[in-house]
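J.: Generate coordinates for the sequence data below:
(one chain, ligands or ions: 1)
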Amino acid sequence: DSFVQCFSSNTTNPNNNTTSPQVIFTLNDPSYQPILQSSIRNLIFSQNSTPKPILIITPHNIFQIQSAITCSKNQGLQVKVRSGGHDYERLSYTTSYHYHHHEPFIIIDLFNLRSITINLEDETAWVESGAIVGELYHAIAKASSVHGFPAGSCHTMGIGGHVSGGGFGTIFRKYGLAADNIVDATMVDSEGRILNRTLMGEDLFWAIRGGGGSSFGVITSWKVKIVRVPPTVTIFDISKSVVLEEDDVDDDASIVSFMKWQNIANKLPGEIFLHAVMGIRSVNVNGSSTSRTVITISFTGLYLGEADKAVSLVNENFAELGLQRNNCKQMSWIQSVLYFSGFSYKSNIDVLLQRNQTSQSFKAKSDYVTKPIPVSGLKGLWKKMKMMMLFEGIKNPPVLILTPYGGRMSEISESETPFPHRRGIIYGVQYYVSWDLNNETGKYLMMMRRLYEYMTPYVSKNPRAAYLNYRDLDLGVNRDKNTSYEEARSSWGSKYFKNNFERLVKVKADVDPDNFFWNEQSIPPQ
Ligand code: FDA
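T.: Got it, this is the predicted structure:
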């Protein structure tokens, strides 16, 4: 009640009157539950026992965000900010702290703030944080057939969280991250001030482009640089499989291809993106009860140009893939967006506006590879995956999604933005697993930790780097609001940010010294 009173008395803007749409939803409001659920992607965090916000605020304008911050501060409430709800570890809508130990919190959910204004003259767009990535792609494609934006593949991600944590996708080798293509932003800070780039200053503007927005305030919109894409792009998909039971797999075509891929993936020109997805499955031999374990590596490519050029470029560098013209499909950039988002590339582009997406219980972890994994390491990994599947009851085995770096990513210095994974990275790894039954959660989480452990010798070291947007609380959490800089740096801070962590801490100390915006992995002010 006192929050509601504060909120309405803080209405400095005429839009904040009672006849405007409902903005505050309390626990007993019939819309509370549907709003809370609406963008939860990870079902592990959608249980009866999951801590719930005491209020959800759904602002329709920036002034309501100001009021929400001022009143939360007055009432001693923690604030969670949600744009698309895709946070792997739930930090935008709940907490990992034990029920009796967490502070009461509210969610500021930005889904009503999603306007997009494209300016083709200066090749920029203003996008509000609550827009999903698909809405931005859609708006660009409606305005121009030769512009695009380098953000991630999943169209339901929120612009707010995705961009503030980095944001890579199929054209990032040519144009860099979403965060590398931001020219201005608006936000509300812990004092309730509305800031743009000039008012926030270059340090804070630096910090929110890859350092995670939630440590610094509520980002309400981004001004993005839209990029020029050719009218025709090419997509191809080629899978290689290896049967693990066969004695000598060293010469197997899929191993040979993978070893070659590791050597060329980050050296190819920026126009080509060629990623690999590695999975394992069990197949029955000719309908008999004998089963075999098969590893499949799917190579999927996007080339910014026509098919003939894609074929010659790939064959010059990676003949082992065996790419032919008939493996290729030519399409527009927006059709490639549909394809990588899991739709048919022939779908109506309006599907990119759909916010609903199947939620699952899942766990992911990330790594960076700077030296090719040797064949022995690869075979050991496959053996491990096989044991998990056959003997540990892992019905849905994990997949490894391997994303090549290089190109534009190697040209941008490690300190240009807080996202430090640049030159020297061959590829990023995402380990991903999903499962159906909640009582299996513990088993799957343990399995992922063991897989990660196995990979230690083959991935980056000191620190073992990780991608902030693939948030992983296994790396460490702030014990409480007063967790020290050293603790945070040595557990998760240096992994996500390397040496940029220090500058993030300085910015935090400057803009939010009382640590109002804090969570399990927020930047500490000291
Ligand atoms: P969500 O709303 O959960 O926010 C994530 C974090 O950002 C939270 O800490 C939140 O508080 C904070 N935040 C959100 N909005 C904010 C705002 N306006 N101001 C301040 N802080 C804010 N990544 C990638 O780079 N490339 C990819 O292709 C994919 N693909 C992908 C697929 C799927 C199915 C999932 C679930 C995730 C990805 N990701 C990804 C990871 C994705 O980039 C990451 O989860 C983003 O944080 C999602 O942003 P949302 O706004 O949706 O999340």
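J.: top helix in this structure by residue count?
T.: As assigned by DSSP state H, the longest helix anywhere in the chain is helix 375-391.
J.: So which bits of that one are buried?
T.: For helix 375-391, the buried set under the neighbour-count rule, 16 or more other Cβ atoms under 10 Å, comprises 378, 379, 380, 381, 382, 384, 385, 386, 388, 389. Placement of C-beta: from N, CA and C, glycine included.
J.: again, but for stretch 354-365
T.: Along stretch 354-365, the positions that meet the burial threshold by neighbour count (16+ other Cβ under 10 Å) are 355, 357, 359, 361, 362, 363, 364, 365.
J.: what's the longest helix of the chain packed up against?
T.: If you count contacts as 3 or more Cβ pairs under 8 Å, 6 or more residues apart in numbering; DSSP states H and E, helix 375-391 packs onto helix 253-264, strand 272-284, strand 291-303, helix 441-454.
J.: what does the stretch 401-526 of the chain put close to the ligand?
T.: Counting by Cβ under 6 Å from any ligand atom, the residues of the stretch 401-526 of the chain lying close to the ligand are residue 469.
J.: quick one, helices of the stretch 401-526 of the chain?
T.: Using DSSP state H, counting those that start in this stretch, the helices found in the stretch 401-526 of the chain span residues 408-411, 441-454, 485-488, 494-497, 500-511.
J.: List the neighbours of the fourth one that are in contact with it.
T.: Meaning helix 494-497. With Cβ atoms under 8 Å, 6 or more residues apart in numbering as the contact definition, helix 494-497 has outside contacts at 211, 418-420, 463-468, 475, 501, 504, 521.
J.: let's see it at 7 Å
T.: Residues external to helix 494-497 that are found in contact with it (Cβ atoms under 7 Å, 6 or more residues apart in numbering): 211, 418, 420, 463, 464, 465, 466, 468, 475, 501, 504.
J.: now do stretch 49-61
T.: Contact with stretch 49-61 is made by 3, 13, 15, 20-21, 23-27, 32, 35-36, 65, 68, 80, 94-95, 99, 102, 104-113, as judged by Cβ under 7 Å, 6+ apart.
J.: who's in contact with residue 189?
T.: By Cβ under 7 Å, 6+ apart, the neighbours of residue 189 are 195, 217, 511.
J.: circling back: the helices and strands packed on helix 375-391: which one's closest to residue 408?
T.: In this view, the helices and strands packed on helix 375-391 are compared for proximity to residue 408 by Cβ to Cβ, and strand 272-284 is the closest at 11.2 Å.
J.: For that closest one, what does the pLDDT average out to?
T.: Rounded to a whole number, the mean pLDDT of strand 272-284 is 95.
J.: likewise stretch 108-117?
T.: 98.
J.: does it come close to the ligand?
T.: Yes: using Cβ under 6 Å from any ligand atom, a contact is recorded between stretch 108-117 and the ligand, made by residue 110.
J.: so how far is that stretch from its chain's centroid?
T.: 19 Å (Cα atoms, centre = their mean, to the nearest Å).
J.: ok, residues contacting that stretch?
T.: Residues from elsewhere that reach stretch 108-117, judged by Cβ under 7 Å, 6+ apart: 35, 56-60, 65, 68, 79, 81-83, 125-131, 135-136, 139, 160, 218, 220.
J.: On the three-state scheme, residue 320 is what?
T.: Reducing the assignment at residue 320 to three states with DSSP: H, G, I helix; E, B strand; the rest coil gives helix.
J.: remind me which residues of the stretch 201-350 of the chain are low pLDDT?
T.: Under the criterion pLDDT under 70, the flagged ranges of the stretch 201-350 of the chain are 246-250.
J.: just to revisit the earlier point, mean neighbour count, the helices of the stretch 401-526 of the chain: which tops it?
T.: helix 494-497 (a mean of 26; mean count of other Cβ atoms under 10 Å).
J.: Alpha carbons of that helix, as PDB, please.
T.: Provided in PDB are the C-alpha atoms of helix 494-497 (Å, rounded to 0.1, in the frame of the first residue of the first chain):
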ATOM      1  CA  SER A 494      37.200 -11.700 -14.400                       C
ATOM      2  CA  LYS A 495      35.600 -14.600 -16.300                       C
ATOM      3  CA  TYR A 496      33.000 -12.500 -17.900                       C
ATOM      4  CA  PHE A 497      35.000  -9.300 -18.200                       C
END
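J.: That one: how far from the chain's middle?
T.: Computed by Cα atoms, centre = their mean, the separation of helix 494-497 from the middle of its chain amounts to 15 Å.
J.: Repeat that for stretch 313-332.
T.: With Cα atoms, centre = their mean as the basis, stretch 313-332 stands 28 Å off its chain's centre.
J.: Then stretch 258-272?
T.: Here the centre of mass of C-alpha atoms in stretch 258-272, compared against the chain's by Cα atoms, centre = their mean, lies 22 Å away.
J.: show me the contacts for the residue of the chain most remote from its centre.
T.: Most distant from the centre of the chain: residue 288, at 41.9 Å, with distances by Cα atoms, centre = their mean. Residue 288 sits next to no residue when contact means Cβ under 7 Å, 6+ apart.
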